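In: need a structure here:
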Amino acid sequence: MTATVMSARARMAAAMGHQPMDRVPVMCQLAIGHYFLQAGLDPVEIWHDSAAFGEALLRLRARYGFDGILVNLPGRNPEWRRHARSIESRGSEQHVHWRDGRVTVVPADDLPHTFEPDLQTRRFPSFAQLDPDALHYIDPHDIGGIDYPWRWSFAEAVADTAGWFPPWQTATIRWVRERAPDISVHGEVFSPFSQLMELLNFEPALLALLDDPGKVEACLAALAAGTAELMSLQAAAGVDAVLISSAFAGAGFISREHYRRFVLPYERQAIERFREVHSGVPVYTHTCGAIGDRLELLEATGTRGIDTLDPPPLGDTDLADAKRRVGDRLFLKGNIDPVHTVLLGTPAQVRADALRRLAIGSPGSGYILSTACSVPPAAPPENILALAAAAAEFGAAGVDVRPE
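Out: Presented below is the predicted three-dimensional model:
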């Protein structure tokens, strides 16, 4: 590794490009609930306001010494307050009552959801209702919740794919980019398959794969086009990389055969369209759970990296095996157990686990130290701090730690 101290942004770029660097970079995705608990800001503001979420991102990046920031809420409607009738506290939750009658429940430590007035029902169209020609991109984290025909944050339904994305869609990215010029800033889009799963809800979406695979494929093709467009908008806003969130593509949800048919072609379409315009911006893929049987299939999408790499018991990925199979071509990010190590462990256990991962992942560059999936809401901050400390220790001293 080089002796010159690099900026966080340069360090991340080097890792993603398998280039020499001063130390392995550290970048974790934090659960939304962790921002609610630790950022010192109102959870309602964090969830609904671009600047508030941007400030939460910057505060916790600085606190934990991360080299990168994942902006997984890329932009919020700046007029969201105009659509709110009232905000009330109910125990540990806050309820945002919208003028159209729906209610967003904002827990103190978990992901918000928007419900009908009964606080139990969420809007999901049936598969029979879907018209592939009326699909372009579905954002499950839009503050208005799921709608079909699609509309953004209580606005009118989008009439066609031209002008699908509102001007504020990348507001958080632009806010963070302006204030963090030396930090690696990453955008996030949902994969076409994830969008369909979220749009229909999980069980009906999985049944649709069997009932009418041809219509599913038409829907996925339409969503791939919108995914590529949003990726390009994020690149134009200044991101250093784009993460495709493909959380439902692991073996716990679908087989390799279904992955080949319903995930791989459409992620590849989105990536290829994006690269036609932004060939220099890396794309990498977040897939949860058991993916050991499909690392090469992930690579076939055209992705530049794989995120999470859940180890047992959360998944089945052995970092040394992944490094051997695809690590010379793809960068790898993750593999530290977010539950049993970072949530339930001690700083000493986190340090030891991180040093083992660094010893395996660092040769030849191409590794980013991170928890496998998101840092849990209640994870102790001292455990998260141990990750950056371990990376600094390993980089400075060349600690010789062998995997157990």
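In: now do the contacts for residue 326.
Out: By C-beta atoms under 8 Å, 6 or more residues apart in numbering, residue 326 lies in contact with 295-296, 298-299, 306, 332. For every residue, glycine as well, the C-beta is placed using N, CA and C.
In: same thing with residue 89?
Out: Residues near residue 89 by C-beta under 8 Å, 6+ apart: residue 95.
In: what's the pLDDT at it?
Out: For residue 89, the model assigns a pLDDT of 97.
In: please tell me how far it sits from residue 33.
Out: Distance, residue 89 to residue 33, by C-beta to C-beta, to the nearest Å: 17 Å.
In: flag every buried residue along the worst-scoring helix or strand of the chain on mean pLDDT.
Out: Sorting the helices and strands of the chain by mean pLDDT, DSSP states H and E puts helix 381-397 at the bottom, at a mean of 92. Neighbour-count burial for helix 381-397 flags 383-391, 393-395 (criterion: 16 or more other C-beta atoms under 10 Å).
In: contacts made by it with the rest, please.
Out: Counting by C-beta under 8 Å, 6+ apart, 1, 22-26, 28, 38, 63-66, 336, 341-343, 345-348, 350-351, 354-355, 358-359, 362, 369-371, 375, 399, 401 sit against helix 381-397.
In: nearest to residue 111 among the buried residues of helix 381-397?
Out: When these are compared for distance to residue 111 (C-beta to C-beta), residue 384 wins out at 19.1 Å.
In: how much space separates that closest one from residue 12?
Out: With C-beta to C-beta as the criterion, residue 384 and residue 12 are 18 Å apart.
In: so residue 282 sits right up against residue 302, yeah?
Out: No: Residue 282 is not in contact with residue 302 according to C-beta atoms under 8 Å; the separation is 11.0 Å.
In: so for these two, which residues contact both of them?
Out: Joint contacts of residue 282 and residue 302 (C-beta under 8 Å, 6+ apart) do not exist.
In: what's the burial count for residue 376?
Out: Neighbour count for residue 376, taken as other C-beta atoms under 10 Å: 18.
In: of all the residues in the longest helix seen in the chain, which ones are buried?
Out: Looking across the chain with DSSP state H, the single longest helix is helix 213-236. In terms of neighbour count (16+ other C-beta under 10 Å), helix 213-236 has its buried residues at 216-220, 222-235.
In: again with stretch 51-66
Out: For stretch 51-66, by 16+ other C-beta under 10 Å, it's 52-58, 60-61, 64, 66.
In: and the helices in the stretch 251-400 of the chain?
Out: 256-258, 264-277, 295-300, 319-326, 347-361, 381-397 (DSSP state H, counting those that start in this stretch).
In: likewise for the stretch 51-200 of the chain?
Out: Counting by DSSP H, counting those that start in this stretch, the helices of the stretch 51-200 of the chain are 80-83, 171-179, 192-200.
In: any chance of those helices in a markdown table, plus mean neighbour count and mean pLDDT?
Out: Shown next, in a markdown table, are those (neighbours: other C-beta atoms under 10 Å; pLDDT from 0 to 100):
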| stretch | mean neighbour count | mean pLDDT |
| --- | --- | --- |
| helix 80-83 | 15 | 96 |
| helix 171-179 | 21 | 98 |
| helix 192-200 | 25 | 98 |
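In: mind putting these into TSV with distance to residue 130?
Out: Below are these laid out as TSV (distance: least, C-beta to C-beta, whole Å):
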stretch	distance to residue 130
helix 80-83	26
helix 171-179	29
helix 192-200	8
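In: these: which one's closest to residue 260?
Out: Distance to residue 260, taken as C-beta to C-beta, is lowest for helix 192-200 among the helices of the stretch 51-200 of the chain, at 11.9 Å.
In: what helices and strands are in contact with the closest one?
Out: When contacts are defined as 3 or more C-beta pairs under 8 Å, 6 or more residues apart in numbering; DSSP states H and E, helix 192-200 packs onto helix 202-211, helix 213-236, helix 264-277.
In: what angle do it and helix 264-277 make?
Out: Computed by axes from the mean of the first three to the mean of the last three C-alpha atoms, to 10 degrees, the angle separating helix 192-200 from helix 264-277 equals 120 degrees.
In: could we number from 750 for the rest of this?
Out: All right, first residue 750 from here; so that's helix 941-949.
In: contact partners of helix 941-949?
Out: Outside helix 941-949, the residues touching it (C-beta under 8 Å, 6+ apart) are 873-876, 879, 886-887, 889, 895, 897, 939, 954-955, 957, 965, 968-970, 972-973, 976, 994-998, 1011-1012, 1015-1016, 1019.
In: could you turn the buried ones of the residues you listed into a ChimeraX selection?
Out: Buried members of the contacts of helix 941-949, defined by 16+ other C-beta under 10 Å, are picked up in ChimeraX with:
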select :873,874,876,879,886,887,895,897,939,954,955,957,965,968,969,972,973,976,994,995,996,997,998,1011,1012,1015,1016,1019
